[in-house]
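Colleague: Here you go, sequence then predicted model.
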Amino acid sequence: MRILIIGELNVDLVLHNYQTFPALGQEVLVEDATLTLGSASAICAAGLARLGDEVTYVSKAGQDAWGDLCVEALNSLGVDTSQVTRDASVKTGITVSITSARDRALVTYLGSIAALRGSDVRTDLFRGFDHLHVSSFFLQQGLRPDVKKLLRSAHGQGLSTSLDPGFDPDDKWERDLVDALDEVDVFLPNEVELSRMTGTDDVEPGLRKLANRRTLIMAKLGASGCAAIDSSGAFLAAPGFKVDAVDTTGAGDSFNAGFLHAWLRKVPLKAAMRFACACGALSTLKAGGTGSQADEGQAQEFLSRQGVTA
């Protein structure tokens, strides 16, 4: 499949395995540190390329060393970066990820993340692709006003679409996100994002609040797996897999890659959910969002070892 991703670019500085989370005025030690390709969209792109899809990335990065790192990393991972523009007037973004095997906290400098605008995206390119994916709805502040229009344009040219909102740093969860779902085929929030959007901590009622009879609403539940309401209103759930996680950074983005890879090939929904859970779990076995992403054979072998059949 040919997949176009409109997304942000930033580096991740990952600080591994803190014993206690630092309070203001306090210093704590971590076991290791890694500077690597970050961004939800880029990690998803890398995961799809690893699974064998043809991926083109649309983004903006600064004309700086961090921008070089991002573009070179994507190229090395098999992602086409011909639609990444470099802008000397902005700095490439950075996220500091303070991680443990349980979860992570993120601190982000937006920089170029907020610089991409809808007018920077060549919609005439859409016809050459099967699917359009957008991540980080709230962080991509320059793109946000045009996301629904871009998704509509993709639909008009025969593409399917998906959207991962990411977390809203302002915690406002304004209506434009829900409005955009009219043009979304697959919506991929995690359980915290779903709760903030819907005002309920219960997954199934939260999913049903967003159900619109068009969009497949998929909630990522971390180690607990995932749950979904399909376009007919049916509820499905798939359990997660227990692994010895090293770093959970980007696990949800690798889940997205696994799910979209399977869904675009019309794999039955429950099997696609299991495949996505496998991709998410395997991505946590090494540091960084792309360091342990699975190819299709590795994901299928993992599922077989877990006793999961199609």
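Modeller: Everything's here; your move.
Colleague: show me where the stretch 151-300 of the chain has strands.
Modeller: 160-164, 186-187, 216-220, 226-229, 235-238 (DSSP state E, counting those that start in this stretch).
Colleague: JSON lines please, covering these and showing distance to Pro268, mean neighbour count and mean pLDDT.
Modeller: The C-beta positions use only the backbone N, C-alpha and C, and glycine is treated the same way. Shown next, in JSON lines, are these (distance: least, Cβ to Cβ, whole Å; neighbours: other Cβ atoms under 10 Å; pLDDT from 0 to 100):
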{"stretch": "strand 160-164", "distance to Pro268": "17", "mean neighbour count": "23", "mean pLDDT": "99"}
{"stretch": "strand 186-187", "distance to Pro268": "15", "mean neighbour count": "24", "mean pLDDT": "98"}
{"stretch": "strand 216-220", "distance to Pro268": "13", "mean neighbour count": "25", "mean pLDDT": "98"}
{"stretch": "strand 226-229", "distance to Pro268": "12", "mean neighbour count": "24", "mean pLDDT": "98"}
{"stretch": "strand 235-238", "distance to Pro268": "10", "mean neighbour count": "16", "mean pLDDT": "97"}
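Colleague: Any idea which of those gets closest to Phe302?
Modeller: With respect to Phe302, and counting by Cβ to Cβ, the nearest of those is strand 235-238 at 14.1 Å.
Colleague: Please name every helix or strand in contact with the closest one.
Modeller: helix 203-210, strand 226-229, helix 269-282 (3 or more Cβ pairs under 8 Å, 6 or more residues apart in numbering; DSSP states H and E).
Colleague: Now render the strands of the stretch 151-300 of the chain as JSON lines, adding distance to Asp201.
Modeller: Listed next are these as JSON lines, based on distance: least, Cβ to Cβ, whole Å:
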{"stretch": "strand 160-164", "distance to Asp201": "20"}
{"stretch": "strand 186-187", "distance to Asp201": "19"}
{"stretch": "strand 216-220", "distance to Asp201": "12"}
{"stretch": "strand 226-229", "distance to Asp201": "13"}
{"stretch": "strand 235-238", "distance to Asp201": "16"}
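Colleague: so which of these comes closest to Glu72?
Modeller: strand 160-164 (24.3 Å).
Colleague: In terms of secondary structure, what does that closest one contact?
Modeller: strand 131-135, helix 147-156, strand 186-187, helix 251-264.
Colleague: and Ser97, what does it touch?
Modeller: Asp12, Leu13, Val14, Leu15, Gly38, Arg104, Ala105, Leu106, Thr249 (Cβ atoms under 8 Å, 6 or more residues apart in numbering).
Colleague: Check Leu13 too.
Modeller: Counting by Cβ under 8 Å, 6+ apart, Leu13 has contacts Ala33, Thr34, Leu35, Ile94, Thr95, Val96, Ser97.
Colleague: ok, of these, which come out buried?
Modeller: Thr34, Ile94, Thr95, Val96, Ser97 (16 or more other Cβ atoms under 10 Å).
Colleague: Show me the shaky parts of the stretch 51-200 of the chain.
Modeller: 101-102 (pLDDT under 70).
Colleague: Verify the contact between Gly291 and Thr36 for me.
Modeller: Yes: when contacts are counted by Cβ atoms under 8 Å, Gly291 is listed as touching Thr36 (7.3 Å).
Colleague: picking up where we left off before, pick the most buried one from the helices and strands packed on strand 160-164.
Modeller: Highest mean neighbour count of those: helix 251-264, a mean of 27 (counted as mean count of other Cβ atoms under 10 Å).
Colleague: And that one, how far out from the chain middle?
Modeller: On the basis of Cα atoms, centre = their mean, to the nearest Å, helix 251-264 sits 8 Å off its chain's mean C-alpha point.
Colleague: So which elements touch that helix?
Modeller: Against helix 251-264 (3+ Cβ pairs under 8 Å, 6+ apart) you get helix 40-51, strand 131-135, strand 160-164, strand 186-187, strand 216-220, helix 269-282.
Colleague: Since that was my last question, I'll sign off now.
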